[in-house]
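> Sequence and predicted model, in that order:
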Amino acid sequence: MVDACKDRADFAEGALLLARAYRRERRNDAALAVLERALALRDPDVVGLRQYAEYADIQTSLQAFDDGLARTEEGLDMFPDNRALALRRIRIFGQSGRVDAALAALAEVCDGLELNPGDETFITQALRGLGKVGGLAPGQKVDLATLGERFIARYPEFPGLNAYIGDLARDRRDWATALSHYERALKVTRNVGMQASLRDRIEQSLRALRRTNPGAGAQETLAAPALRVTFQVAVITNVYNEKRNLPIWLGHYGRQIGIRNCIVLDHGSDDGSTDDLGGAGSMMLPRRPYYNERHRMALINQTANNLLNFYDAVIYTDCDEMLVADPYRYGSLLDYVRKLKRQVAHAIGFNLRHDPVTQPPLTMDRPILAQRPLAQFVSAMCKPLVIRRPVSRGGGFHSCEHAPVFDDLYLFRLRKADRNWAQERMETTREVKFEREGGGKHHRLSDEELQKSFDTVCKLKVSDGFDYEEDLKSHLSRISLSNSGRYTVKGPVQGRALVRIPERFWNVF
């Protein structure tokens, strides 16, 4: 296609189209190679901004920040003061944690360029990226909020920036400022999902403002009537030497539910992973010579049901499972459960997938979903994990006596999110002896079997969006009431293509 082009302009345009096709197939190396051939022309009359922007976007998605920045700077040499490339440079600085450079670039853009509504994504991503950088000086944290306010002063119609500044104010417990920005964002956004999320944040800020300053917020606002503050949810997990997953689990559910409502059932960990749980509760369980899955199920079922005497709802997940309510519709997982009308909530389940050839290993200094935005629908992960009344769940928590109903609750499992982590975990679980012969085969894969499960990723197509409806319909068609009185699935369903997790999820964990 590219070689068939008759002139240099056609060549550059064909390279861009072919690179985008390669990118949809996740052939990032091929996409970069064809773009490099076009960029080698270095002719501003032939090579346009779109080639440089596409190259920078691919490298940024691969976390190859230096390579992306180099091409961005090269493009800016040819097209000085171009808004699209300047915004990409800001995003790269922010997401790679280059604090001083990002702040200077943000200030430069704020003072010197006219932005369009679509540009706020780059600004917000840069600010959020800086917010994730550890060890920021107090002055730099203030600068983020101040810089955001400068943008809003010029562009009050940007809802995403208003929402982000509201989040910064909420983190400082400046509820009045948070409320002001949330309401401003609600007035200007046309996104229905964002409207629902903003209403929830307005409601939470208004309640907090009234608690800290009685009589404040008495004027009419856009918030819904306040709900009772005493609603409590417990979340439970069961662990054994989970040095990788447990910090992620505690961080995620601590933010979503409250760390003191997190309960860890520690089945004899001896690697130090449970020495400091950051305020979460724990129960120590002795290890026996042989592991019995039925005993684990009985303990967790009974514990969860008994906790309903003290909590309004109880969640159980394995340590590598992160439950997420759609951020556009709910302020948090707690907000979702509080609004839940059913006795049981089933999650729509996905495995996060890692292609070791095209994706670098996971790092703990960036959100997991931002590093692993591709996922595969898996029916086995569509579990009844949230309960508001006692239930009887079957093996692996895959079934119960309530028929599945799916809405805006998602489960993302980390087991296949990183090749190295999976290898480490398999080396631990291979040593576990099961009481029932043949049990736990998926915990004892050979190195060859494990590698094969990661090699298959490159063979899967990538859906352009978050489209899992056909797989979910197939899953629902295989569910029936079994002799045990539980709704079980006859035959597993795995997604035929990888879906792309929307960016609104990326900063959740």
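Sure, I can see it.
> In contact with Ala86, which residues?
Shown in contact with Ala86 (Cβ atoms under 8 Å, 6 or more residues apart in numbering): Leu76, Ala105, Glu108, Val109, Leu113. Any C-beta I mention is one placed from the backbone N, CA and C, and that applies to glycine too.
> In a markdown table: those, plus distance to Leu285, neighbour count and secondary structure.
Shown next, in a markdown table, are the contacts of Ala86 (distance: Cβ to Cβ, whole Å; neighbours: other Cβ atoms under 10 Å; DSSP: H, G, I helix; E, B strand; the rest coil):
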| residue | distance to Leu285 | neighbour count | secondary structure |
| --- | --- | --- | --- |
| Leu76 | 59 | 17 | helix |
| Ala105 | 52 | 20 | helix |
| Glu108 | 57 | 14 | helix |
| Val109 | 55 | 22 | helix |
| Leu113 | 59 | 13 | coil |
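> what kind of secondary structure is the nearest residue to Gly495 once chain neighbours are set aside in?
Excluding the flanking residues, the one nearest Gly495 by Cβ to Cβ, 6 or more residues apart in numbering is Phe377, at 3.5 Å. Three-state call for Phe377 (DSSP: H, G, I helix; E, B strand; the rest coil): strand.
> Phe377: neighbour count?
A count of neighbours around Phe377, defined by other Cβ atoms under 10 Å, yields 26.
> how much space is there between it and Phe466?
10 Å (Cβ to Cβ, to the nearest Å).
> out of the contacts of Ala86, which one sits closest to Asn305?
Ala105 (54.1 Å; Cβ to Cβ).
> Name the next helix or strand downstream of the helix or strand of the chain with the lowest mean pLDDT, please.
Among the helices and strands of the chain, helix 138-154 carries the lowest confidence by mean pLDDT, DSSP states H and E, at a mean of 60. Sequence order places helix 159-171 as the next helix or strand after helix 138-154, per DSSP states H and E.
> For that next one, name the packing helices and strands.
The elements that helix 159-171 packs onto, with contact taken as 3 or more Cβ pairs under 8 Å, 6 or more residues apart in numbering; DSSP states H and E, are helix 120-131, helix 138-154, helix 175-188, helix 192-212.
> circling back to that earlier point, tabulate the contacts of Ala86 (TSV), appending pLDDT and distance to Leu307.
Formatted as TSV, the contacts of Ala86 follow (pLDDT from 0 to 100; distance: Cβ to Cβ, whole Å):
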residue	pLDDT	distance to Leu307
Leu76	77	57
Ala105	75	49
Glu108	73	53
Val109	70	50
Leu113	65	54
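> Other residues contacting stretch 245-262?
Counting by Cβ under 8 Å, 6+ apart, 232-235, 237, 239, 242, 264, 273-274, 277-281, 311, 315, 317, 319-320, 322-323, 332-334, 364, 368, 414, 425, 508-509 sit against stretch 245-262.
> from those, which ones fall inside helices?
Leu333, Leu334, Ile368, Arg425 (DSSP state H).
> Dump these into CSV; add pLDDT as well.
Formatted as CSV, these follow (pLDDT from 0 to 100):
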residue, pLDDT
Leu333, 94
Leu334, 92
Ile368, 94
Arg425, 91
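> So Arg338: helix, strand or coil?
Classified using three-state DSSP, Arg338 is helix.
> Tell me if I'm right that it and Gln204 touch.
No: using Cβ atoms under 8 Å, Arg338 is not in contact with Gln204; the gap is 10.7 Å.
> For those two, indicate the residue with more neighbours.
Shown here are Arg338 and Gln204; by other Cβ under 10 Å, Gln204 has more neighbours (23 against 18).
> Model confidence at the more buried one, what's the number?
Here, the pLDDT recorded for Gln204 equals 81.
> gap between it and Gln359?
35 Å.
> Would you verify that Ile248 is located in a helix?
Yes: counting by three-state DSSP, Ile248 falls inside a helix.
> That one - how many residues pack around it?
20.
> buried sites along stretch 346-357?
By neighbour count with 16 or more other Cβ atoms under 10 Å, stretch 346-357 contains the buried residues His346, Ala347, Ile348, Gly349, Phe350, Asn351, Leu352, Arg353, His354, Asp355.
> gap between it and the chain center?
In terms of Cα atoms, centre = their mean, to the nearest Å, the centre of stretch 346-357 is found 11 Å from the chain centre.
> For it, the averaged confidence score.
Mean predicted confidence for stretch 346-357 is 94.
> Quick check: which element contains Pro356?
Pro356 belongs to no helix or strand, assigned by DSSP H and E.
> quick one, what contacts it?
Contacts of Pro356 (Cβ under 8 Å, 6+ apart): Arg419, Phe454.
> and what of the one 4 residues further on?
For Pro360, the contacting residues are Leu62, Gln63, Gln371, taking Cβ under 8 Å, 6+ apart as the criterion.
> Any idea which of these the model trusts least?
Gln63 (74).
> Need the per-residue pLDDT for the residue nearest to that residue when sequence neighbours are not counted.
Nearest non-adjacent residue to Gln63, counting by Cβ to Cβ, 6+ apart: Pro360, 5.6 Å away. We have a pLDDT of 92 for Pro360.
> these two touch, right, Arg23 and Ile58?
Yes: applying Cβ under 8 Å, one finds Arg23 in contact with Ile58, separated by 6.3 Å.
> What lies in contact with the host helix or strand of Ala38?
If you go by DSSP H and E, Ala38 is part of helix 28-39. Residues from elsewhere that reach helix 28-39, judged by Cβ under 8 Å, 6+ apart: 2, 11-12, 15-16, 18-20, 22-23, 47, 51-52, 54-55, 58-59, 61-62, 71, 74, 358.
> Kindly report the same for stretch 58-68.
19, 23, 28, 31-32, 35, 55-57, 71, 88, 91-92, 95-96, 358-360, 366, 371, 373.
> Stretch 308-321 too?
Counting by Cβ under 8 Å, 6+ apart, 231-239, 242, 245-246, 249, 253, 257, 261, 300, 304-305, 307, 323, 333, 337-338, 340, 381, 385-390, 397, 411-415 sit against stretch 308-321.
> Identify each buried residue in it, please.
Applying 16+ other Cβ under 10 Å to stretch 308-321 flags Leu308, Tyr311, Ala313, Val314, Ile315, Tyr316, Thr317, Asp318, Cys319, Asp320, Glu321 as buried.
> Now the second one. Its backbone dihedrals?
This means Tyr311. Main-chain torsions, Tyr311, degrees, to the nearest 10: phi -120, psi 160.
> With the third one instead?
The phi/psi pair for Ala313 (degrees, to the nearest 10) reads phi -160, psi 160.
> so Leu362 sits in a helix?
No: the assignment for Leu362 by three-state DSSP gives coil, which leaves it out of any helix.
> check contacts around it.
Contacts of Leu362 (Cβ under 8 Å, 6+ apart): His354, Ile368, Gln371, Arg372, Ala417, Asp418, Trp421.
> circling back: tell me the two of the buried residues of stretch 308-321 that are most distant?
Top of the distance list for the buried residues of stretch 308-321 (Cβ to Cβ): Leu308 and Asp320, 25.0 Å.
> What number of residues are in the vicinity of the closest residue to Ala163 other than its chain neighbours?
Spatial nearest neighbour of Ala163, chain neighbours left out: Ala185 (4.6 Å); criterion: Cβ to Cβ, 6+ apart. By other Cβ under 10 Å, the residues close to Ala185 number 28.
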